[in-house]
Each structure stands twice: as structure tokens, then as C-alpha cells.
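Asks: Build me a model from this:
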Amino acid sequence: MIGSEIFGQRRSLPGRHRRWQTALLWLTLAWALVAAGCGKSPPGIAPLSTDAVILAYGDSLTYGIGATSEQAYPRQLQTLVGLRVVNAGVPGETTPEALERLDSTLREFRPELVVLCSGGNDMLRQMDRTAMQRNLEEMIRRIRASGSAVILLGVPEPKLLRLKAAPEYAAIADALEVPADLEVIPATLGERGLKSDAIHPNAAGYRRIAEAVARLLHDSGAI
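Replies: The predicted structure follows:
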């Protein structure tokens, strides 16, 4: 009896070993896929010319409520990248309003690249989120049709804790292959020392946003 039990265990070891090898192989492949996704580069943008105009387009987060005009992220971005950055932020603006003025703004400044940051007021006013996404997508299409490149900044959902960008921004970035930063604004507004009120950064917060945009421009090949 003892001999048969030992014999049975010995016969089961090779099969058990193969199962462990298979499991280990799949685990290794899974970690490799995760690592590849985490290190994924943003979609590429053609290098900007030395006299390029960058258009910062959005609402109060672009305008710079909570800081001076010199401290708003577009002006700080201009210092970081050495290119002209036009602040086209309108406080309180929703995506339907942003879409309405977009064409004329593009004609006026003829930017090579647009930093799009819009949608926060739609969410604060509890407007239809599907319509917000459509408006943002249409703005991206019009920007590209004008000959400009575009990058997208994600805006957090209006919550008190654990801020993160609304899921519509990731969906847009994936569907239209737009270089995007979905973390810097939620992270900035999640730190008390980086904001002037519940929904606006202070000068240090805008600095962090400017640095993130500059990093995204570099990673995408624009600068």
C-alpha cells in the first residue's frame, strides 16, 4: 500500500511540474504585456517649426483662474518650450460654446498645434456626457482639418476624493489616436497645496500642468 502511494505520487510529479511551467509562462507573458502598455509612447506629432504658434484652447483651466496671466499654464508653457503660446481660454465655457468659436479662433491664430482642455463646465452643470464627447471629437476633427496637430488634456469628474479624468477623454484619445495627458489635472486638483479653490490650480499647480504638456510635446516628437 505504501509502495503504491509513493509510486502514484512519483507518477504525478512530472504532470504537476508541467502545469507549473505553463502557469509561469502565462504569468510572464501577462507581465510583459502590462509593461509594454505602461511604456507605450503617445501617437507621434510632426516636429513644430521654430516660429510655430501653439494655441491653448479651453475654459478657465486654460485662462488661468486662480493665478495671474503670467502664471497661467499657457504662459509658463511658452517659457518652457520657447515657442509662442496663445491663451485662448474662456472661463465658464462649455463644449458647445467652445465648438462654436473654434473655427474663427483657428483662422485668427493659425496654430501649428492646439492644446485642447474643455469639458469641465459640462460636467459641473451636469450636461449630457455623450454630447460632450461628440463635441470634443468634432473639435479635434476640425483642428486637424485646419492643418494643426492637437493634444488633449483630461479633466476630472466633479468629485471630492480620488479625482481622475472622466472616461470620455480616454475613449477619445484611443479612438482618434490623440496624444493625451489624463493625469496631470486630476493630480494637481487632488493636492491642496497646488490649487486656489476646489476646481482651479494656483500658480504652482499651473506650473505642473505646463511641465506635463511640455513633456507630452517632447514625448510625441513635436519639440
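Asks: dump the residue contacts of Arg208.
Replies: Taking C-beta atoms under 8 Å, 6 or more residues apart in numbering, we find Arg208 in contact with 184, 187-188, 194, 201. No exception for glycine: its C-beta is placed from N, CA and C like everyone else's.
Asks: and Ala187, what does it touch?
Replies: 163, 208.
Asks: the helices in the chain, which residues?
Replies: Taking DSSP state H as the criterion, the chain contains helices spanning 2-38, 60-63, 73-81, 95-109, 120-124, 129-145, 167-176, 184-189, 203-219.
Asks: relative orientation of the last one and helix 73-81 in degrees?
Replies: Yep, that's helix 203-219 we're talking about. Between helix 203-219 and helix 73-81, the angle comes out at 50 degrees (axes from the mean of the first three to the mean of the last three C-alpha atoms, to 10 degrees).
Asks: gap between Glu121 and Glu97?
Replies: Wrong residue type there; residue 121 is Asn, not Glu. To Glu97, Asn121 is 9 Å away according to C-beta to C-beta, to the nearest Å.
Asks: Comparing these two, which shows the higher neighbour count?
Replies: Neighbour count, other C-beta atoms under 10 Å: between Asn121 and Glu97, Asn121 has more, with 23 against 16.
Asks: you'd agree the more buried one is up against Asp59?
Replies: Yes - look at Asn121 against Asp59 with C-beta atoms under 8 Å: they come within range, at 5.7 Å.
Asks: any shared contact partners between these two?
Replies: With C-beta under 8 Å, 6+ apart as the test, Asn121 and Asp59 both reach 92-94.
Asks: Whichever of these end up buried, select them in ChimeraX.
Replies: Those of the shared contacts of Asn121 and Asp59 that count as buried under 16 or more other C-beta atoms under 10 Å are selected in ChimeraX with:
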select :93,94
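Asks: Contacts only, for the residue sitting nearest the centre point of the chain.
Replies: The chain has Asp181 as the residue nearest its centroid, 2.1 Å off, counting by C-alpha atoms, centre = their mean. Contacts for Asp181 (C-beta under 8 Å, 6+ apart) come out as 151-154, 212-213, 216.
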